[in-house]
Every structure is written in C-alpha cells, then in structure tokens.
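> What would the 3D arrangement of this be:
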Amino acid sequence: MTKNITVTSPAPWLKVRSGRINSIDIFRALTVLVMITVNEWHGVIGLPQWMTHMPADVDAMTFVDAVFPAFLFIVGMSIPFALQQRFSKGDSGWQVQGHVLQRALGLVVIGFFMVNAEDGFHAASMLLPIQVWALLCFVAAFLVWGSLSGGPALGLAWRLIGVGLFVGLALLYRGGPAGQDGMTPQWWGILGLIGWAYLIGCACFALCRGRVLGLLVCIAFCAAYFALHRAPAVEGQALLRVLFSQDAHFSHAALVLSGCVTAMLFFNQLSQDSAAKRFALAFGFALLLALAATWLRPEFKISKIYATPSWALYSASACVLIFAALYHYVDVGGRSFLPWLLEPVAANPLVAYLIPFIVEGLMSLANWEIPLFLRTDLVGIGFGMAYAVAVALLVKQLAARGVRLRI
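The predicted model follows:
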C-alpha cells in the first residue's frame, strides 16, 4: 500500500507572483543607466544645480540624490522573489539566510576594495600602480562570481584563485599618510552600502514573514535608530554610541524595506485584494512615507550624504509612485519599453555598473582624458547620456557571449 506524502513548502507564508515582471526589470535597468549618466555628469562644467548632488548641509535634494535610493528600493522589491526562488528549490530557512549572507558579503567585499582604490592609498608605497591594483580587483571579482557560459559560476579552482587574488591585493595595499596602513572601510562604497542594507532588509523580511504591517514597523525602527544615534543620552555613553553607530545603514535599509512593502502590496498572491485596491494601498503607502519624512524633516534635514531619514523616506515615496506608474503602463497596459536597451542591463546590473570603473581605470593607466568640449555644458550632458547607452550596448554584447557577474 502506497502512502500519499504531502510536501510542505519551507515558507508557506511567502507566495508572490512567479515569472519575470517587466516593470521591475525596467525600473532596475533605468536606475542603473541613470546612475551611470549622473556619474558621468559629475565632471561636466556648467552643469545646473538641479542636475548635481546637493551639498551635505543643504536641506534639499535633486533627482540625482534619489538615484541611489532607487537602486536600494529595487533591491528591496527583488527580495521576496529571490527568497521565494530559494525556498522553491527546497532550501531551508537557514540555508536561505546563508545565501543572503553570502550575497551581502560579496557586495561588501567588492565595495570595500573599490573605495580603497578611490581614496586613502599611498601611491609611493604601492608595489603596483593603483589603476592596475583596481583592475585586478575586478578580475578577482569575476573569477569568484563571474561566468563565461551564461550559467553557473566558473569552476572551483578559478574561484579559489579569485579569493587568493583578493587576499594578495589586500596584502599589497598601502594606505595612510606614510603608507603605514592597510585597507580601511572608509564609507564602504556604493556596493558595500547596498550589501549592508540588503542584509538588514532580508533579516527584517524573514523576521516579519513578509507581512506588510511588520515591515512598516521595521521601517519605523530604522528611522528611530537613526534618531537615537543623535540623542544626547546616547552620545554621552561610549557603549551606546557604538551600538547606534550604524545609522546610515539603517536609513538605507528603510529604502530596501520600502521596496519589500511595495512588492508585497502588488504581488502577494496570498492576498485577495483587487488590482484597484493594490494601487490604492500603494498610493496610501507613498503618502504615509512622505508624511513621515515631512514630520522628521524639521529635526533631521534632507541630506543624501548624511543619509537622513527624511531623505530616505521622501525618496522611497517617489519610488513607490514611479514604480506604480511603470507597472500600470508596462504590465497592466501590456506595453513594451526600449527592450533592446533595457533588457540586458536589467539582467546584468552589476556588469553595467562596473564597466565605467573599468573604462576609467584603463584610461587613467593609458593617460587618456575625455576632451574638454565633451565635458562642457549641453555637450557634456548629451555625452553622459550617450555614454550610458554605449554601456548598455556593450552589456548586451557581453551577455550574448555568456559573460555574467552575479553574486
């Protein structure tokens, strides 16, 4: 007699829509390309204020200050789908958390090496030119996490060589005023900040079991954590100062968690809400975020550099509205949106993000500079946009040949 065996999902509390969601892919690709564009605009002469980052102590922000938050937001939107995929393969909760830790560590490591290549090094003490050192960091990253076949990562031997290369580069590094120091975290770099925020966001999502109310409480906790770091009682105690010293990471995590909430509002299959109600809840969430930012703003001014909660929550509110518009236009309306340009970037965002740094390193090594007329006024603005398109086309060519870099 054969017994019927029922297979229980390791995470029955998580069920989001399966398959690719075009609006999420488009939002991810657009964010990466805009990030590349504004990075190129950084050196343009005559750029108007609204196309640059606002200074740290100015209570204001431009759309440029919202690009990094958009990336964190889309990281958060991807978390429910990524975790569900791991659970669907039969991974236990601990195995999923181990995978999350591995991904976060990968982002932190790459960001850590990149930021040390940008600043803090003592060129005279380095055995390698810093440009060569930085390019070898990208080689190491590819050996550990890359693929030439479009599928699994390179073989174990290649990955071990990549790890060894990272270790060797760390030992070769010389920093400090006289070259007496090694590598230091500094500000972790963009990828490192994403890694920390992703780790916190995933932990909160698992702790709340994907419930929107619980995620909202976590967002409030992130804002409160930032505020407590500046409380006189905390500043007066050394132990408490250390405990609440990661305020920026929690502001960034609030953006990741806002993306998680948005994904659950729109795509949670355990909810019976109609499409109209899902949009209404999303608009209500955006309004709640904006009101919370306004309430916090008198005490914590808008500042991307300081990662204040008002900056994070205003940015998150805007991201909710932008995604809702994209989802309505693309998925609900059944429209396409520059697939030839955006699809390869959406599938390979890390490759797209790193290409400009590799190009910059090669140009610096060869003593090449972009002509001044391409860095001035409207020509410079147009060049930055064209450069982002060129990167997207290069990513498309690399992807067609099986080149991948996925952590």
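> Mind giving me the packing neighbours of whichever strand or helix holds Ala392?
For Ala392, the host element (DSSP states H and E) is helix 377-400. Packing contacts for helix 377-400, counted by 3 or more C-beta pairs under 8 Å, 6 or more residues apart in numbering; DSSP states H and E, involve helix 22-41, helix 339-347, helix 349-365. Any C-beta I mention is one placed from the backbone N, CA and C, and that applies to glycine too.
> and the last one, how far out from the chain's middle?
Okay, so that is helix 349-365. 17 Å (C-alpha atoms, centre = their mean, to the nearest Å).
> C-terminal to the helix holding Ala392, which secondary structure element comes first?
Going down the chain from helix 377-400, the next helix or strand is strand 404-405, by DSSP H and E.
> Can you tell me which helices and strands that next one packs against?
By 3+ C-beta pairs under 8 Å, 6+ apart, strand 404-405 packs against helix 130-145, strand 146-147, helix 349-365.
> Can I get those in TSV including mean neighbour count and distance to Val332?
Converted to TSV, the helices and strands packed on strand 404-405 look like this (neighbours: other C-beta atoms under 10 Å; distance: least, C-beta to C-beta, whole Å):
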stretch	mean neighbour count	distance to Val332
helix 130-145	20	35
strand 146-147	18	34
helix 349-365	18	24
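> Make TSV from those and add mean pLDDT and distance to Gly168 to it.
Formatted as TSV, these follow (pLDDT from 0 to 100; distance: least, C-beta to C-beta, whole Å):
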stretch	mean pLDDT	distance to Gly168
helix 130-145	97	9
strand 146-147	94	18
helix 349-365	96	18
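> of those, which approaches Phe244 most closely?
Closest of the helices and strands packed on strand 404-405 to Phe244 is helix 349-365, at 30.5 Å (criterion: C-beta to C-beta).
> other SSEs contacting the closest one?
Counting by 3+ C-beta pairs under 8 Å, 6+ apart, helix 349-365 packs on helix 22-41, helix 130-145, helix 377-400, strand 404-405.
> just those: most buried one?
helix 22-41 (a mean of 22; mean count of other C-beta atoms under 10 Å).
> So what angle separates the directions of it and helix 339-347?
Helix 22-41 runs at 90 degrees relative to helix 339-347, counting by axes from the mean of the first three to the mean of the last three C-alpha atoms, to 10 degrees.
> Identify all contacting residues around helix 22-41.
The contact list for helix 22-41 (C-beta atoms under 8 Å, 6 or more residues apart in numbering) reads 47, 51-52, 64, 67-68, 70-71, 74, 77-78, 263, 322-323, 326-327, 329-331, 337, 341-343, 345-347, 349, 352-353, 356, 380-381, 383-385, 387-389, 391-392.
> average pLDDT across that helix?
Averaging pLDDT along helix 22-41 gives 96.
> Just want the angle from the helix or strand following it to helix 22-41.
Using DSSP H and E, the helix or strand that follows helix 22-41 towards the C-terminus is helix 67-88. Helix 67-88 and helix 22-41 are oriented at 140 degrees to each other (the same axes, to 10 degrees).
> following helix 67-88, which helix or strand shows up next?
Criterion used, DSSP H and E; the element after helix 67-88 is helix 93-118.
> measure the nearest residue in space to Lys304 that is not next to it in sequence to Lys277 for me?
Spatial nearest neighbour of Lys304, chain neighbours left out: Asp65 (4.2 Å); criterion: C-beta to C-beta, 6 or more residues apart in numbering. Distance of Asp65 to Lys277, given as C-beta to C-beta, to the nearest Å: 32 Å.
> neighbour count winner among the two?
Asp65 (20 against 12; other C-beta atoms under 10 Å).
> could you measure the more buried one against Asp119, distance?
From Asp65 to Asp119 the distance is 21 Å (C-beta to C-beta).
> for Arg211, same thing?
42 Å.
> just to revisit the earlier point, would you turn the helices and strands packed on helix 349-365 into CSV with distance to Leu83?
Output for those, formatted as CSV (distance: least, C-beta to C-beta, whole Å):
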stretch, distance to Leu83
helix 22-41, 15
helix 130-145, 19
helix 377-400, 25
strand 404-405, 21
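> Out of these, which is closest to Leu296?
Ranking the helices and strands packed on helix 349-365 by proximity to Leu296 (C-beta to C-beta) places helix 22-41 first, at 24.5 Å.
> Taking helix 377-400 as reference, get the angle to the closest one.
Going by the same axes, to 10 degrees, helix 22-41 makes 130 degrees with helix 377-400.
> Of Arg211 and Asp119, give the one with the bigger neighbour count.
In terms of neighbours (other C-beta under 10 Å), Arg211 is the more surrounded of Arg211 and Asp119; the figures are 15 against 10.
> and Arg375, how many neighbours?
Neighbour count for Arg375, taken as other C-beta under 10 Å: 20.
> thought it was touching Phe383?
Yes: counting by C-beta atoms under 8 Å, Arg375 does reach Phe383; the two are 7.4 Å apart.
> Phe300: which of the helices and strands packed on helix 349-365 is closest?
Closest among these, using C-beta to C-beta: helix 22-41, at 24.2 Å.
> And that closest one, how far out from the chain middle?
11 Å.
> Could you check the angle it makes with helix 349-365?
Angle between the axes of helix 22-41 and helix 349-365 is 10 degrees (criterion: the same axes, to 10 degrees).
> Settle this for me: Pro309 is touching Trp295, isn't it.
No: counting by C-beta under 8 Å, Pro309 sits too far from Trp295 to count as a contact (9.9 Å).
> Cool, thanks, signing off.
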